[in-house]
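Participant: Have a look at this prediction, sequence included:
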Amino acid sequence: MSSFEHCPRKGGIDVEMRQIDFTNTQVASSETARNINRGVVLNLIRKRQPISRADLARISGLQRSTVSLITEQLIREKWVVYGATGRLPRGRRPTFLRLNDRRGILVADVRPTEITIAVADVNGRFLSHQAIATPQNPRAAVADLSARMRHLVEVHSDLIFEGIGISVPGRFDPVSHHIVFAPNLHWPEFDLKGPLEKATGMRVDLENAANACVLAEVWFGHAEKVRDLVVVTVSEGLGTGILSNGQLVKGRNGMAGEFGHASLNPDGPQCTCGGRGCWEVYASNRAALRYYQESGAAPNGPTFHDLLSLAEAGDPLAVRALEKMAHAIGSGMRMLVAGVAPEEIVLVGEFTRQWKRLGPIIEAEVAAASLIGNPPRVRPAAAEPGMARLRGTVALVLQKHFGPSGHTSSARPRPRDRVLVRTQ
Ligand SMILES: [Zn+2]
(Lines give C-alpha, C1' and ligand atoms only; values in the text may rest on other atoms or scores of the structure.)
Protein backbone atom coordinates (compact mmCIF):
# COMPACT_ATOMS: atom_id res chain seq x y z
CA MET A 1 0.00 0.00 0.00
CA SER A 2 1.27 3.46 -0.78
CA SER A 3 2.37 5.66 2.08
CA PHE A 4 -0.03 8.30 0.75
CA GLU A 5 -2.92 6.26 2.06
CA HIS A 6 -1.75 6.84 5.60
CA CYS A 7 -1.35 10.60 5.28
CA PRO A 8 -3.71 12.59 7.43
CA ARG A 9 -6.08 14.40 5.15
CA LYS A 10 -4.93 17.95 4.54
CA GLY A 11 -5.89 20.71 2.22
CA GLY A 12 -3.74 22.71 -0.12
CA ILE A 13 -0.72 21.57 -1.98
CA ASP A 14 -0.18 18.24 -0.19
CA VAL A 15 -3.51 17.00 -1.35
CA GLU A 16 -3.06 18.38 -4.81
CA MET A 17 0.32 16.69 -5.14
CA ARG A 18 -1.15 13.43 -3.91
CA GLN A 19 -3.24 13.23 -7.03
CA ILE A 20 -0.30 12.84 -9.36
CA ASP A 21 1.39 9.55 -10.03
CA PHE A 22 5.05 10.25 -9.30
CA THR A 23 6.31 7.18 -11.12
CA ASN A 24 5.48 8.72 -14.43
CA THR A 25 5.21 12.43 -14.03
CA GLN A 26 6.98 15.69 -13.87
CA VAL A 27 6.27 18.50 -11.45
CA ALA A 28 2.85 19.92 -12.15
CA SER A 29 2.33 23.63 -12.68
CA SER A 30 -0.33 25.19 -10.50
CA GLU A 31 -2.55 25.41 -13.58
CA THR A 32 -2.13 21.69 -14.17
CA ALA A 33 -2.99 20.99 -10.53
CA ARG A 34 -6.11 23.15 -10.89
CA ASN A 35 -7.14 21.22 -13.99
CA ILE A 36 -6.51 17.92 -12.23
CA ASN A 37 -8.65 18.95 -9.28
CA ARG A 38 -11.36 20.23 -11.62
CA GLY A 39 -11.44 16.85 -13.34
CA VAL A 40 -11.57 15.06 -10.00
CA VAL A 41 -14.48 17.19 -8.77
CA LEU A 42 -16.37 16.90 -12.07
CA ASN A 43 -15.95 13.13 -12.01
CA LEU A 44 -17.17 12.89 -8.44
CA ILE A 45 -20.25 14.93 -9.31
CA ARG A 46 -20.84 12.64 -12.31
CA LYS A 47 -20.66 9.49 -10.20
CA ARG A 48 -22.28 10.66 -6.97
CA GLN A 49 -24.84 13.20 -8.19
CA PRO A 50 -26.68 14.83 -6.56
CA ILE A 51 -23.83 15.60 -4.16
CA SER A 52 -23.13 18.41 -1.70
CA ARG A 53 -19.96 20.49 -1.64
CA ALA A 54 -19.20 19.09 1.81
CA ASP A 55 -19.26 15.53 0.47
CA LEU A 56 -17.16 16.58 -2.51
CA ALA A 57 -14.53 17.91 -0.12
CA ARG A 58 -14.73 14.89 2.16
CA ILE A 59 -14.44 12.31 -0.62
CA SER A 60 -11.84 14.11 -2.72
CA GLY A 61 -9.67 15.21 0.21
CA LEU A 62 -9.64 18.74 -1.24
CA GLN A 63 -10.19 21.80 0.95
CA ARG A 64 -13.73 23.15 1.14
CA SER A 65 -12.56 26.47 -0.30
CA THR A 66 -10.92 24.71 -3.27
CA VAL A 67 -14.10 22.74 -3.91
CA SER A 68 -16.17 25.94 -3.75
CA LEU A 69 -13.93 27.71 -6.27
CA ILE A 70 -14.05 24.76 -8.65
CA THR A 71 -17.80 24.23 -8.39
CA GLU A 72 -18.49 27.94 -8.92
CA GLN A 73 -16.43 27.80 -12.07
CA LEU A 74 -18.22 24.64 -13.23
CA ILE A 75 -21.59 26.30 -12.64
CA ARG A 76 -20.48 29.42 -14.56
CA GLU A 77 -19.35 27.22 -17.44
CA LYS A 78 -22.70 25.36 -17.36
CA TRP A 79 -21.20 21.95 -16.65
CA VAL A 80 -22.91 21.72 -13.29
CA VAL A 81 -26.27 22.93 -11.96
CA TYR A 82 -28.00 22.99 -8.60
CA GLY A 83 -29.99 19.83 -8.15
CA ALA A 84 -32.10 18.36 -5.39
CA THR A 85 -31.76 19.80 -1.92
CA GLY A 86 -30.63 17.21 0.61
CA ARG A 87 -32.64 16.67 3.76
CA LEU A 88 -30.52 16.60 6.86
CA PRO A 89 -31.90 15.91 10.36
CA ARG A 90 -30.74 19.26 11.69
CA GLY A 91 -28.81 22.32 10.62
CA ARG A 92 -29.06 24.03 7.27
CA ARG A 93 -29.81 22.12 4.14
CA PRO A 94 -26.87 21.92 1.75
CA THR A 95 -27.54 22.56 -1.91
CA PHE A 96 -26.75 19.55 -3.99
CA LEU A 97 -24.98 19.64 -7.35
CA ARG A 98 -25.48 17.57 -10.45
CA LEU A 99 -24.27 17.56 -14.04
CA ASN A 100 -26.12 19.87 -16.38
CA ASP A 101 -28.06 17.52 -18.62
CA ARG A 102 -28.57 20.35 -21.10
CA ARG A 103 -25.05 19.64 -22.30
CA GLY A 104 -25.29 17.49 -25.39
CA ILE A 105 -22.96 15.32 -27.44
CA LEU A 106 -23.48 14.17 -31.01
CA VAL A 107 -22.38 10.61 -31.60
CA ALA A 108 -22.20 8.20 -34.52
CA ASP A 109 -21.44 4.52 -34.72
CA VAL A 110 -20.14 3.64 -38.19
CA ARG A 111 -20.56 0.00 -39.15
CA PRO A 112 -20.03 -1.67 -42.53
CA THR A 113 -23.74 -1.77 -43.31
CA GLU A 114 -25.30 0.87 -41.09
CA ILE A 115 -24.46 4.16 -39.37
CA THR A 116 -26.33 5.11 -36.20
CA ILE A 117 -26.43 8.80 -35.32
CA ALA A 118 -27.62 9.89 -31.88
CA VAL A 119 -27.86 12.81 -29.49
CA ALA A 120 -26.83 12.08 -25.91
CA ASP A 121 -26.70 14.16 -22.78
CA VAL A 122 -23.73 14.42 -20.46
CA ASN A 123 -25.00 11.46 -18.42
CA GLY A 124 -25.04 9.18 -21.44
CA ARG A 125 -28.81 9.25 -21.88
CA PHE A 126 -29.91 9.19 -25.51
CA LEU A 127 -32.39 11.85 -26.54
CA SER A 128 -32.81 10.72 -30.15
CA HIS A 129 -31.28 8.33 -32.62
CA GLN A 130 -31.57 7.36 -36.26
CA ALA A 131 -29.93 4.83 -38.55
CA ILE A 132 -28.86 5.18 -42.17
CA ALA A 133 -27.40 2.70 -44.64
CA THR A 134 -23.62 3.14 -44.80
CA PRO A 135 -22.78 4.96 -48.05
CA GLN A 136 -20.33 3.17 -50.33
CA ASN A 137 -18.15 6.21 -50.60
CA PRO A 138 -16.70 8.06 -47.60
CA ARG A 139 -17.28 11.50 -49.16
CA ALA A 140 -20.99 10.77 -49.39
CA ALA A 141 -20.89 9.56 -45.80
CA VAL A 142 -19.28 12.79 -44.57
CA ALA A 143 -21.81 14.90 -46.51
CA ASP A 144 -24.75 12.91 -45.13
CA LEU A 145 -23.42 12.90 -41.56
CA SER A 146 -22.73 16.66 -41.65
CA ALA A 147 -26.22 17.49 -42.90
CA ARG A 148 -27.91 15.26 -40.32
CA MET A 149 -25.79 16.55 -37.48
CA ARG A 150 -26.41 20.19 -38.38
CA HIS A 151 -30.11 19.38 -38.44
CA LEU A 152 -29.92 17.71 -35.00
CA VAL A 153 -28.21 20.79 -33.55
CA GLU A 154 -31.15 22.89 -34.82
CA VAL A 155 -33.74 20.44 -33.48
CA HIS A 156 -32.06 20.33 -30.06
CA SER A 157 -31.54 24.07 -29.81
CA ASP A 158 -31.92 23.88 -26.00
CA LEU A 159 -28.66 21.90 -25.72
CA ILE A 160 -25.10 23.21 -25.50
CA PHE A 161 -23.23 20.82 -27.79
CA GLU A 162 -19.82 19.78 -26.58
CA GLY A 163 -18.61 17.94 -29.68
CA ILE A 164 -18.93 14.90 -31.89
CA GLY A 165 -17.75 11.38 -31.10
CA ILE A 166 -17.53 8.67 -33.74
CA SER A 167 -16.83 4.97 -33.36
CA VAL A 168 -15.28 3.33 -36.43
CA PRO A 169 -14.82 -0.34 -37.30
CA GLY A 170 -11.11 0.10 -37.82
CA ARG A 171 -8.07 2.22 -37.07
CA PHE A 172 -7.06 5.72 -37.92
CA ASP A 173 -3.69 7.40 -38.07
CA PRO A 174 -3.34 9.39 -34.82
CA VAL A 175 -1.61 12.27 -36.66
CA SER A 176 -3.47 12.60 -39.98
CA HIS A 177 -6.73 11.17 -38.54
CA HIS A 178 -7.16 9.27 -41.78
CA ILE A 179 -8.92 5.94 -41.44
CA VAL A 180 -6.09 3.64 -42.44
CA PHE A 181 -7.26 0.15 -41.54
CA ALA A 182 -10.91 -0.76 -41.78
CA PRO A 183 -10.96 -3.96 -43.83
CA ASN A 184 -14.68 -4.62 -43.36
CA LEU A 185 -15.74 -1.11 -44.33
CA HIS A 186 -14.35 -1.21 -47.90
CA TRP A 187 -13.68 2.52 -47.96
CA PRO A 188 -10.40 3.90 -49.29
CA GLU A 189 -8.06 5.73 -46.88
CA PHE A 190 -9.73 9.03 -46.07
CA ASP A 191 -10.11 11.83 -43.54
CA LEU A 192 -13.38 11.58 -41.62
CA LYS A 193 -12.50 14.15 -38.97
CA GLY A 194 -11.37 17.27 -40.88
CA PRO A 195 -14.31 17.67 -43.30
CA LEU A 196 -16.85 16.91 -40.57
CA GLU A 197 -15.30 19.50 -38.24
CA LYS A 198 -15.35 22.05 -41.04
CA ALA A 199 -18.98 21.35 -41.87
CA THR A 200 -20.29 21.37 -38.29
CA GLY A 201 -17.90 23.76 -36.53
CA MET A 202 -17.50 21.21 -33.76
CA ARG A 203 -14.57 19.14 -32.62
CA VAL A 204 -14.71 15.52 -33.80
CA ASP A 205 -13.13 12.67 -31.80
CA LEU A 206 -12.73 9.28 -33.42
CA GLU A 207 -12.23 5.96 -31.71
CA ASN A 208 -11.97 2.36 -32.72
CA ALA A 209 -15.22 0.52 -31.91
CA ALA A 210 -13.64 -1.93 -29.46
CA ASN A 211 -11.81 0.89 -27.65
CA ALA A 212 -15.08 2.82 -27.48
CA CYS A 213 -16.62 -0.20 -25.75
CA VAL A 214 -13.79 -0.15 -23.19
CA LEU A 215 -14.58 3.50 -22.46
CA ALA A 216 -18.27 2.62 -22.12
CA GLU A 217 -17.45 -0.08 -19.57
CA VAL A 218 -15.17 2.21 -17.57
CA TRP A 219 -17.57 5.20 -17.63
CA PHE A 220 -21.03 3.74 -17.59
CA GLY A 221 -20.59 0.02 -16.92
CA HIS A 222 -19.64 -2.15 -14.00
CA ALA A 223 -15.90 -2.02 -14.67
CA GLU A 224 -15.25 0.87 -12.34
CA LYS A 225 -12.81 -0.96 -10.12
CA VAL A 226 -11.30 -3.21 -12.78
CA ARG A 227 -7.92 -2.02 -14.05
CA ASP A 228 -7.09 -4.86 -16.43
CA LEU A 229 -9.87 -5.55 -18.84
CA VAL A 230 -10.27 -6.67 -22.44
CA VAL A 231 -13.40 -6.00 -24.48
CA VAL A 232 -13.94 -8.32 -27.44
CA THR A 233 -16.40 -7.01 -30.02
CA VAL A 234 -17.85 -9.62 -32.32
CA SER A 235 -19.81 -8.54 -35.37
CA GLU A 236 -18.89 -8.55 -39.08
CA GLY A 237 -15.31 -8.71 -37.82
CA LEU A 238 -13.71 -9.17 -34.41
CA GLY A 239 -11.96 -6.43 -32.45
CA THR A 240 -10.41 -6.11 -29.05
CA GLY A 241 -9.89 -3.09 -26.80
CA ILE A 242 -7.43 -3.36 -23.94
CA LEU A 243 -7.47 -1.54 -20.62
CA SER A 244 -4.17 -2.22 -18.86
CA ASN A 245 -3.41 -0.80 -15.42
CA GLY A 246 -6.39 1.51 -15.87
CA GLN A 247 -5.19 2.94 -19.18
CA LEU A 248 -6.49 2.29 -22.69
CA VAL A 249 -3.67 0.66 -24.64
CA LYS A 250 -3.14 2.39 -28.01
CA GLY A 251 0.18 1.06 -29.31
CA ARG A 252 2.22 2.33 -32.24
CA ASN A 253 0.01 3.99 -34.86
CA GLY A 254 -2.96 3.32 -32.57
CA MET A 255 -2.97 -0.27 -33.77
CA ALA A 256 -2.88 -2.16 -30.45
CA GLY A 257 -5.57 -4.79 -30.05
CA GLU A 258 -5.77 -6.21 -33.57
CA PHE A 259 -5.92 -9.75 -32.22
CA GLY A 260 -8.79 -10.36 -34.64
CA HIS A 261 -6.20 -10.31 -37.42
CA ALA A 262 -3.68 -12.56 -35.71
CA SER A 263 -3.45 -15.59 -37.97
CA LEU A 264 -4.25 -18.86 -36.25
CA ASN A 265 -3.78 -20.89 -39.42
CA PRO A 266 -1.77 -19.62 -42.42
CA ASP A 267 -3.62 -22.11 -44.63
CA GLY A 268 -7.03 -21.04 -43.34
CA PRO A 269 -9.78 -19.15 -45.18
CA GLN A 270 -9.06 -15.75 -46.72
CA CYS A 271 -9.63 -12.73 -44.46
CA THR A 272 -10.70 -9.22 -45.49
CA CYS A 273 -7.31 -7.92 -44.23
CA GLY A 274 -5.53 -9.89 -46.97
CA GLY A 275 -4.21 -12.53 -44.60
CA ARG A 276 -5.42 -16.06 -44.03
CA GLY A 277 -6.86 -17.90 -41.07
CA CYS A 278 -7.21 -14.83 -38.84
CA TRP A 279 -9.09 -15.27 -35.54
CA GLU A 280 -12.03 -13.27 -36.95
CA VAL A 281 -12.35 -15.65 -39.90
CA TYR A 282 -13.31 -18.33 -37.37
CA ALA A 283 -15.09 -16.31 -34.69
CA SER A 284 -17.08 -13.47 -36.32
CA ASN A 285 -20.78 -13.38 -37.26
CA ARG A 286 -19.69 -14.10 -40.82
CA ALA A 287 -17.92 -17.25 -39.61
CA ALA A 288 -21.11 -18.53 -37.98
CA LEU A 289 -23.02 -17.94 -41.23
CA ARG A 290 -20.32 -19.81 -43.14
CA TYR A 291 -20.53 -22.75 -40.69
CA TYR A 292 -24.29 -22.80 -41.17
CA GLN A 293 -24.01 -22.78 -44.94
CA GLU A 294 -21.29 -25.42 -44.92
CA SER A 295 -23.65 -27.72 -43.02
CA GLY A 296 -25.88 -27.63 -46.13
CA ALA A 297 -28.69 -25.89 -44.32
CA ALA A 298 -29.17 -22.63 -46.10
CA PRO A 299 -29.55 -22.30 -49.83
CA ASN A 300 -30.58 -18.64 -49.57
CA GLY A 301 -28.23 -17.47 -46.80
CA PRO A 302 -29.85 -16.08 -43.65
CA THR A 303 -28.58 -12.95 -41.91
CA PHE A 304 -26.88 -13.33 -38.54
CA HIS A 305 -30.05 -12.05 -36.93
CA ASP A 306 -31.98 -14.85 -38.68
CA LEU A 307 -29.42 -17.37 -37.49
CA LEU A 308 -29.95 -16.31 -33.87
CA SER A 309 -33.72 -16.59 -34.30
CA LEU A 310 -33.36 -20.05 -35.88
CA ALA A 311 -31.24 -21.18 -32.92
CA GLU A 312 -33.77 -19.73 -30.48
CA ALA A 313 -36.44 -21.74 -32.27
CA GLY A 314 -34.34 -24.89 -31.78
CA ASP A 315 -32.88 -25.37 -35.30
CA PRO A 316 -30.04 -27.85 -34.57
CA LEU A 317 -27.84 -26.70 -37.47
CA ALA A 318 -28.11 -23.06 -36.38
CA VAL A 319 -27.29 -24.08 -32.81
CA ARG A 320 -24.27 -26.04 -34.02
CA ALA A 321 -23.01 -23.13 -36.14
CA LEU A 322 -23.23 -20.74 -33.18
CA GLU A 323 -21.56 -23.23 -30.86
CA LYS A 324 -18.70 -23.60 -33.32
CA MET A 325 -18.39 -19.81 -33.40
CA ALA A 326 -18.34 -19.71 -29.57
CA HIS A 327 -15.56 -22.31 -29.44
CA ALA A 328 -13.55 -20.18 -31.86
CA ILE A 329 -14.16 -17.02 -29.81
CA GLY A 330 -13.05 -18.82 -26.65
CA SER A 331 -9.99 -20.52 -28.09
CA GLY A 332 -8.75 -17.23 -29.58
CA MET A 333 -9.06 -15.69 -26.14
CA ARG A 334 -6.12 -17.86 -25.11
CA MET A 335 -3.99 -15.18 -26.80
CA LEU A 336 -5.56 -12.52 -24.57
CA VAL A 337 -5.20 -14.56 -21.39
CA ALA A 338 -1.56 -15.36 -22.09
CA GLY A 339 -0.62 -11.96 -23.46
CA VAL A 340 -2.61 -9.43 -21.46
CA ALA A 341 -3.64 -11.33 -18.27
CA PRO A 342 -6.93 -9.47 -17.88
CA GLU A 343 -9.04 -9.62 -14.76
CA GLU A 344 -12.16 -9.54 -16.86
CA ILE A 345 -13.11 -10.16 -20.50
CA VAL A 346 -16.28 -8.43 -21.69
CA LEU A 347 -18.04 -9.52 -24.86
CA VAL A 348 -20.00 -7.16 -27.08
CA GLY A 349 -22.02 -8.63 -29.94
CA GLU A 350 -25.44 -9.77 -31.04
CA PHE A 351 -24.46 -13.37 -30.26
CA THR A 352 -24.57 -12.54 -26.52
CA ARG A 353 -28.37 -12.81 -26.86
CA GLN A 354 -27.64 -16.55 -26.65
CA TRP A 355 -25.31 -16.18 -23.67
CA LYS A 356 -26.92 -19.02 -21.70
CA ARG A 357 -25.95 -21.45 -24.42
CA LEU A 358 -22.74 -19.89 -25.73
CA GLY A 359 -21.27 -18.24 -22.60
CA PRO A 360 -20.30 -21.52 -20.89
CA ILE A 361 -18.46 -22.68 -24.04
CA ILE A 362 -16.37 -19.50 -24.04
CA GLU A 363 -15.80 -19.64 -20.28
CA ALA A 364 -14.55 -23.24 -20.52
CA GLU A 365 -12.02 -22.28 -23.23
CA VAL A 366 -10.79 -19.35 -21.16
CA ALA A 367 -10.52 -21.47 -18.01
CA ALA A 368 -8.45 -24.02 -19.94
CA ALA A 369 -6.09 -21.25 -21.04
CA SER A 370 -5.48 -19.89 -17.56
CA LEU A 371 -1.90 -20.48 -16.42
CA ILE A 372 -2.17 -19.88 -12.66
CA GLY A 373 -4.89 -18.73 -10.29
CA ASN A 374 -8.50 -18.11 -11.16
CA PRO A 375 -9.34 -17.54 -14.83
CA PRO A 376 -10.53 -14.04 -15.79
CA ARG A 377 -14.24 -13.37 -15.45
CA VAL A 378 -16.04 -13.60 -18.78
CA ARG A 379 -19.32 -11.73 -19.23
CA PRO A 380 -21.45 -9.98 -21.83
CA ALA A 381 -21.45 -6.16 -21.82
CA ALA A 382 -24.05 -4.40 -19.70
CA ALA A 383 -25.42 -2.46 -22.68
CA GLU A 384 -26.59 -4.01 -25.93
CA PRO A 385 -23.96 -3.80 -28.69
CA GLY A 386 -24.97 -0.63 -30.55
CA MET A 387 -25.51 1.18 -27.26
CA ALA A 388 -22.09 0.13 -25.91
CA ARG A 389 -20.31 1.73 -28.87
CA LEU A 390 -22.42 4.90 -28.76
CA ARG A 391 -21.98 5.33 -25.02
CA GLY A 392 -18.25 4.86 -25.46
CA THR A 393 -18.17 7.76 -27.92
CA VAL A 394 -20.02 9.94 -25.38
CA ALA A 395 -17.23 9.14 -22.91
CA LEU A 396 -14.66 9.82 -25.64
CA VAL A 397 -15.91 13.38 -26.12
CA LEU A 398 -16.28 14.08 -22.40
CA GLN A 399 -13.13 12.47 -21.04
CA LYS A 400 -10.90 15.45 -21.75
CA HIS A 401 -12.89 17.42 -19.18
CA PHE A 402 -13.13 14.62 -16.66
CA GLY A 403 -9.51 13.42 -16.78
CA PRO A 404 -7.95 10.98 -19.25
CA SER A 405 -9.98 7.87 -18.47
CA GLY A 406 -12.51 9.06 -15.93
CA HIS A 407 -11.22 6.03 -14.07
CA THR A 408 -11.38 7.05 -10.44
CA SER A 409 -12.84 4.69 -7.91
CA SER A 410 -15.98 5.89 -6.24
CA ALA A 411 -14.66 5.94 -2.67
CA ARG A 412 -11.04 6.78 -1.87
CA PRO A 413 -9.14 6.82 -5.15
CA ARG A 414 -5.73 5.23 -4.90
CA PRO A 415 -2.95 7.61 -5.95
CA ARG A 416 -2.31 5.52 -9.05
CA ASP A 417 -5.86 6.09 -10.18
CA ARG A 418 -4.92 9.62 -11.00
CA VAL A 419 -2.24 9.34 -13.62
CA LEU A 420 -2.83 12.68 -15.17
CA VAL A 421 0.39 14.44 -15.99
CA ARG A 422 2.61 12.29 -18.14
CA THR A 423 6.13 12.86 -19.32
CA GLN A 424 6.70 11.82 -22.90
ZN1 LIG B 1 -7.40 -10.69 -41.00
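Facilitator: Received it, and whenever you're ready, just let me know what you need.

Participant: So what's the residue count around the residue in the stretch 301-424 of the chain that the ion sits nearest to?
Facilitator: Here the residue of the stretch 301-424 of the chain nearest the ion is residue 332; by CB to the ion that distance is 12.0 Å. For glycine as for every other residue, the C-beta is placed from the backbone atoms N, C-alpha and C. Counted with other CB atoms under 10 Å, residues neighbouring residue 332 total 24.

Participant: what secondary structure does it sit in?
Facilitator: At residue 332 the chain is in helix, as set by DSSP: H, G, I helix; E, B strand; the rest coil.

Participant: Give me the buried stretch members for stretch 127-137, please.
Facilitator: By 16 or more other CB atoms under 10 Å, the buried positions in stretch 127-137 come out as 129, 134.

Participant: Centre of the chain to it, how far?
Facilitator: Its chain's C-alpha centre and that of stretch 127-137 lie 20 Å apart, by CA atoms, centre = their mean, to the nearest Å.

Participant: now swap in stretch 332-343 and tell me
Facilitator: Worked out by CA atoms, centre = their mean, stretch 332-343 lies 19 Å from the chain centre.

Participant: And for it, what's in contact with it?
Facilitator: 226-230, 232, 238, 240, 242, 244, 259, 262, 264, 279, 282-283, 345, 362, 365-366, 368-371, 375-378 (CB atoms under 8 Å, 6 or more residues apart in numbering).

Participant: quick one on the thing from earlier: and the gap between the residue of the stretch 301-424 of the chain closest to the ion and residue 402?
Facilitator: 33 Å (CB to CB, to the nearest Å).

Participant: One more: residue 337?
Facilitator: In terms of CB to CB, residue 337 sits 31 Å off from residue 402.

Participant: So between the two, which is more surrounded?
Facilitator: Shown here are residue 337 and residue 402; by other CB under 10 Å, residue 402 has more neighbours (24 against 20).

Participant: Enumerate every residue touching that one.
Facilitator: Contacts of residue 402 by CB under 8 Å, 6+ apart are 39, 42-43, 46.

Participant: what helix or strand does residue 356 sit in?
Facilitator: Per DSSP states H and E: residue 356 is located in helix 355-369.

Participant: Over to whichever residue of the stretch 101-250 of the chain sits closest to the ion. Which of the three states is it?
Facilitator: Using CB to the ion, the closest approach of the stretch 101-250 of the chain to the ion is made by residue 183 at 6.7 Å. Classification of residue 183 using three-state DSSP returns coil.

Participant: Count the residues that sit near residue 168.
Facilitator: Residue 168 has 24 nearby residues by other CB under 10 Å.

Participant: what are the bridge partners for the closest residue to it other than its chain neighbours, then?
Facilitator: Nearest non-adjacent residue to residue 168, counting by CB to CB, 6 or more residues apart in numbering: residue 110, 5.1 Å away. Legend: beta-bridge partners of residue 110 under DSSP bridges are residue 115.

Participant: residues touching residue 110, list them.
Facilitator: Here residue 110 is in contact with 134, 141, 166-169, 185 (CB under 8 Å, 6+ apart).

Participant: Tell me where the model's unsure across the stretch 301-424 of the chain.
Facilitator: For the stretch 301-424 of the chain, the stretches with pLDDT under 70 are 403-424.

Participant: can you give me the helices for it?
Facilitator: Per DSSP state H, counting those that start in this stretch, the stretch 301-424 of the chain carries helices over the ranges 304-312, 316-340, 355-369, 385-402.

Participant: quick one: buried residues of the shortest one?
Facilitator: The one in question is helix 304-312. Those buried within helix 304-312 under the rule 16+ other CB under 10 Å are 304, 307-308, 310-311.

Participant: now it against helix 316-340, angle please.
Facilitator: Using axes from the mean of the first three to the mean of the last three CA atoms, to 10 degrees, the direction of helix 304-312 lies 110 degrees away from that of helix 316-340.

Participant: Contacts for helix 304-312, please.
Facilitator: Around helix 304-312, the neighbours that count as contacts under CB under 8 Å, 6+ apart are 285-286, 288-289, 292, 302, 317-319, 321-322, 350-351, 353-354, 357.

Participant: Are any of these buried, and if so which?
Facilitator: Buried among the contacts of helix 304-312 by 16+ other CB under 10 Å: 285-286, 288-289, 292, 302, 317-319, 321-322, 350-351, 353-354.

Participant: Check which helices and strands the helix or strand in which residue 57 is found sits against.
Facilitator: If you go by DSSP H and E, residue 57 is part of helix 53-60. Counting by 3 or more CB pairs under 8 Å, 6 or more residues apart in numbering; DSSP states H and E, the packing neighbours recorded for helix 53-60 are helix 30-48, helix 64-76, strand 95-99.

Participant: what's the closest of the ones you listed to residue 120?
Facilitator: Residue 120 lies closest to strand 95-99 among those, at 12.2 Å (CB to CB).

Participant: From residue 124, how far off is the nearest residue to residue 121 once chain neighbours are set aside?
Facilitator: Nearest non-adjacent residue to residue 121, counting by CB to CB, 6+ apart: residue 101, 4.4 Å away. Distance of residue 101 to residue 124, given as CB to CB: 10 Å.

Participant: With neighbour numbers in mind, choose between those two.
Facilitator: More neighbours surround residue 124 than the other of residue 101 and residue 124, with 20 against 16 (other CB under 10 Å).

Participant: Now do the SS call for that one.
Facilitator: Assignment for residue 124 (three-state DSSP): coil.
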